[in-house]
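> Only the shape, not the letters, is given here:
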């Protein structure tokens, strides 16, 4: 009986070829990979076969598909440590990358029913609201939607949050005593997907964060991260042993 030698599927050959280029540094973060047409011609296969190889590497977090921009090498994922509050600008710079922020909104606001519950204040309480896109080497990695009690953060609306983050400002003003996190997997809204330069079908990690300082619940933030660009790392806990007593609703 003659046994047929098993042959590696063509999509696996293409996937390993691309993985080798990534591992040896021939392709760097931000570089575009060869087009599907180029890979089809090089390997003599269909677009479906090439697409399967690329899709595997996208799922692994090695490649990133961006609408109208093609497929490129994914930068190493950022990590959000849930046991502490990190300044995202410093986190990016520590990885040797360039940080930038785009302020979409910076305004006074009043607590509606949802925010009143989150911040444990009366409806109509004076708040400050900021909406900021945080970028790493030009690529959005976090959409920060934050509300702060106005009387806890004088000067908040005068800050240049394109250079300085709300986290850094609030830490200097009133260091956190405790932090509470809730993590969810969600799909972005149309606006959120636009701001984060991602497809609406790509899942996101949403972190709901409440921060206590000076014995008060001071800040409520919703942090939205493209799932392919960020990961979470450990569980949160009180910073001083006197943590929150209720989960977010």
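Everything's here; your move. Note that this is a predicted model, so its numbers are computed, not measured. Residues are numbered from 1 along each chain as shown.
> For the chain, just list every one of the helices.
10-23, 36-43, 47-59, 88-94, 113-119, 166-173, 190-196 (DSSP state H).
> right, so of these, which gets closest to residue 152?
helix 166-173 (8.0 Å; CB to CB). The C-beta positions use only the backbone N, C-alpha and C, and glycine is treated the same way.
> what sits up against the closest one?
The contact list for helix 166-173 (CB atoms under 8 Å, 6 or more residues apart in numbering) reads 85-90, 130, 132, 144, 146, 148, 153-156, 159, 161, 176, 211, 213, 218-219.
> ok, now with 10 Å
85-90, 101, 103, 106, 128, 130, 132, 134, 144, 146, 148, 152-156, 159-161, 164-165, 176, 209, 211, 213-214, 218-219, 221 (CB atoms under 10 Å, 6 or more residues apart in numbering).
> Now the buried members of those residues.
Among the contacts of helix 166-173, those classed as buried by 16 or more other CB atoms under 10 Å are 85, 87-89, 101, 106, 128, 130, 132, 134, 144, 146, 148, 152-153, 156, 159, 161, 165, 176, 209, 211, 213, 218-219, 221.
> ok, and the closest non-adjacent residue to the most centrally placed residue in the chain?
In the chain, the centroid-proximal residue (CA atoms, centre = their mean) is residue 225; its distance is 2.4 Å. With CB to CB, 6 or more residues apart in numbering as the criterion, residue 225 has its nearest non-adjacent residue at 4.6 Å, and that residue is residue 205.
> Bridged to that neighbour, which residues?
Taking DSSP bridges as the rule, residue 205 bridges to residue 185, residue 225.
> so it sits right up against residue 226, yeah?
Yes: under the criterion of CB atoms under 10 Å, residue 205 makes contact with residue 226 at 8.1 Å.
> Neighbour count for those two, which is higher?
residue 226 (24 against 19; other CB atoms under 10 Å).
> Domain map for the chain?
10-73, 78-233 (automatic domain parsing).
> Highest mean neighbour count out of the ones you listed?
domain 78-233 (a mean of 17; mean count of other CB atoms under 10 Å).
> centre of the chain versus stretch 163-172, how much separation?
18 Å (CA atoms, centre = their mean, to the nearest Å).
> any weak-confidence spans in the chain?
For the chain, the stretches with pLDDT under 70 are 1-6, 67-69, 75-85, 230-249.
> Now do stretch 10-22: distance to the chain's middle.
That offset, for stretch 10-22, works out to 27 Å (CA atoms, centre = their mean).
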